[in-house]
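Asker: give me a model of this one.
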Amino acid sequence: MQGAKNNKKLRNKKERAELVVYRAGIDRWFLIFVIIMVCAGTAMIFSASYVNALSRYGDSFFFVKRQLLMAGIGMVCMWLATYLANYRFIKKMAVPFFMFALVLNYLTPFFGRTIHGGHRWIVIGPLQFQPSELLKLAVVLLFAWYIDRMGERMRKVRWGILLPCAVIAVIGLAMYLQSHFSGLIIITLICIAIIFIGEAPWHWLAIFAGVGAVGVGSIIMFTDYASSRVAAWLDPWSDPRGDGFQIIQSLYAIASGGLTGVGLGESRQKYLYLPEPQNDFIFSIIAEELGFIGAIVIISLFIFLIWRGIVIAYHAPDKFSAFVVIGIIIKIAVQFILNLAVVTNTVPNTGIPLPFFSYGGTALVVLLVEMGIILCISRYSHQEKV
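Answerer: The predicted structure is shown next:
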C-alpha cells in the first residue's frame, strides 16, 4: 500500500516537471520593433529615391508608392502567418516548400528575366519577383526540420556534415546559374551557422567551410562580373568612373554625415552621384542625412530586433521552432552585417540589400512573412510546472 502511494507521488512529481505548451499572446516588443523598422525604412526609401525617381520616371513618388504597396501586402501576409498558422503546420510544410523554391530557382535562369547581368527575376504580367528570396526562407525551414529529425545523429560526420553540404552544393548550383553570388554567400552562411548551432562536429564543419570558401573564391576569380567587384574593392580609385564609382560615392556620403548629419532629405550624394541610392547603398544615405548618431540608432534597432528574436527562440515550444526563429534571425543578421561591410568597403560589393530599408518588393514581403512566422511561434511558449 505504501509502495503504491510512493509510485503515485513519483508519477505526479514527474508530470509536474514536464514541459507544457500553452497559447500566449504574441511578443509585443518584437512586433513594435518590426513596425518601427518598416516605417523608418519606407521614410528613408522616399528620402533616398525621390531624385532618382523624378529623373528616371518623372514621378518623385515612384519607388515609395511601390514600397508602400508591398509593405501593405507584406503586413497582411505577416498577420496571416501570425494568426492562421501554427508551428506544427510550418513543420509539415518545410520540405514541400523547399522543393518548390528549389525547382523555381532552377527554372529562373531559363525562363526568367536578365537584369544587371543576373538571371534572377521571374516576370508574370506586371509582377516581378526574385525566387531566391523564397529559397532563403525555405533553407531555414528545411535545416530546422532536418536538425530536429536527426537529433543526436547531427554529431556524426555523415549526417551532420556530408548530407547538409550536399544540399548546400545543390543550392549553390542554382545560385551560380543565376549569377547570384550574393544569394550564394547569404544562403551558405545561413546553412553553416544553423548546422554549427545544431551540434555538427565543428572541426569537420570548419574544414568543409574552408574548402567551400576556396571553391567560391575560385569561381569569383574566373568570373569577370565577380572579379571586377573584387578589383574595385581592393582599389576603388583605380577605376573611379567605372567599377569603383559606387563605393567612392558611398564613402563620400558617409564621410559627409559627420556626427548629426546634413538633415533628413538633404543628402547631396543622392542627386545622381550615388547610383541606385534606394537599394543596396541606402545606409550611406542614412549616414549622410542622419549622421553618426542616426546610424547608431538604426544599428541599435537591428540589435534589439535580433536580441528579441533570440529570446523568442529560447522560449520556443520545440526544437524545430527554435531553429526556425534562430535561422531567420541569422539571415537578418548576416544581411545587416554584410550590407554595412559593403557600404564601408570592408568587403567587396556583393549586392546585398539592407533588411527593411532597401527598396525591393519580393524581399520585403518575404521578410514580413518571416516576421509573421516568428510572431506565430512567439504565441506558444513553455514553462516548467513546479
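
Asker: can you give me the helices for the stretch 201-350 of the chain?
Answerer: Assigned by DSSP state H, counting those that start in this stretch, the stretch 201-350 of the chain shows helices spanning 202-221, 224-234, 245-257, 282-314, 319-343.

Asker: could you point out which element follows the last one?
Answerer: The one in question is helix 319-343. Going down the chain from helix 319-343, the next helix or strand is helix 361-378, by DSSP states H and E.

Asker: off-centre distance for that following helix?
Answerer: Distance of helix 361-378 from its chain centroid, counting by Cα atoms, centre = their mean, to the nearest Å, is 10 Å.

Asker: low-confidence ranges, the protein, go.
Answerer: 1-24, 112-118, 125-126, 215-227, 382-386 (pLDDT under 70).

Asker: what sits against residue 86?
Answerer: Residue 86 makes contacts with 376, 380, as judged by Cβ atoms under 8 Å, 6 or more residues apart in numbering. Glycine gets a C-beta too; all of them are placed from N, C-alpha and C.

Asker: 7 Å - rerun?
Answerer: Shown in contact with residue 86 (Cβ atoms under 7 Å, 6 or more residues apart in numbering): residue 376.

Asker: can you pull the phi/psi pair for it?
Answerer: Per-residue torsions, residue 86: phi -140, psi 170 (degrees, to the nearest 10).

Asker: thinking again about what came up before, looking at the helices of the stretch 201-350 of the chain, spot the one closest to residue 31.
Answerer: helix 282-314 (9.4 Å; Cβ to Cβ).

Asker: can you put the helices of the stretch 201-350 of the chain in a markdown table and add distance to residue 134?
Answerer: Converted to a markdown table, those look like this (distance: least, Cβ to Cβ, whole Å):
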| stretch | distance to residue 134 |
| --- | --- |
| helix 202-221 | 22 |
| helix 224-234 | 23 |
| helix 245-257 | 28 |
| helix 282-314 | 20 |
| helix 319-343 | 13 |
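
Asker: let me know which of the ones you listed is tucked in deepest.
Answerer: helix 319-343 (a mean of 22; mean count of other Cβ atoms under 10 Å).

Asker: and it, what does it pack against?
Answerer: helix 87-111, helix 131-150, helix 181-197, helix 282-314, helix 361-378 (3 or more Cβ pairs under 7 Å, 6 or more residues apart in numbering; DSSP states H and E).

Asker: that older thread, closest one to residue 178 among the helices of the stretch 201-350 of the chain?
Answerer: helix 224-234 (11.8 Å).

Asker: out of the helices of the stretch 201-350 of the chain, nearest to residue 194?
Answerer: Ranking the helices of the stretch 201-350 of the chain by proximity to residue 194 (Cβ to Cβ) places helix 319-343 first, at 5.2 Å.

Asker: returning to what we had before: for residue 61, which of the helices and strands packed on helix 319-343 is the nearest?
Answerer: Closest among the helices and strands packed on helix 319-343, using Cβ to Cβ: helix 361-378, at 15.4 Å.

Asker: now the closest one - C-alpha only, PDB.
Answerer: Provided in PDB are the C-alpha atoms of helix 361-378 (Å, rounded to 0.1, in the frame of the first residue of the first chain):
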ATOM      1  CA  GLY A 361       9.100  44.200 -53.100                       C
ATOM      2  CA  THR A 362       9.800  40.500 -53.000                       C
ATOM      3  CA  ALA A 363      12.400  40.900 -50.300                       C
ATOM      4  CA  LEU A 364      10.100  43.000 -48.100                       C
ATOM      5  CA  VAL A 365       7.100  40.700 -48.500                       C
ATOM      6  CA  VAL A 366       9.100  37.500 -47.700                       C
ATOM      7  CA  LEU A 367      10.800  39.300 -44.800                       C
ATOM      8  CA  LEU A 368       7.400  40.300 -43.300                       C
ATOM      9  CA  VAL A 369       6.200  36.700 -43.700                       C
ATOM     10  CA  GLU A 370       9.300  35.600 -41.800                       C
ATOM     11  CA  MET A 371       8.400  38.100 -39.100                       C
ATOM     12  CA  GLY A 372       4.900  36.600 -39.000                       C
ATOM     13  CA  ILE A 373       6.400  33.100 -38.500                       C
ATOM     14  CA  ILE A 374       8.500  34.300 -35.600                       C
ATOM     15  CA  LEU A 375       5.400  36.100 -34.100                       C
ATOM     16  CA  CYS A 376       3.400  32.900 -34.700                       C
ATOM     17  CA  ILE A 377       6.000  30.900 -32.700                       C
ATOM     18  CA  SER A 378       6.000  33.500 -30.000                       C
END
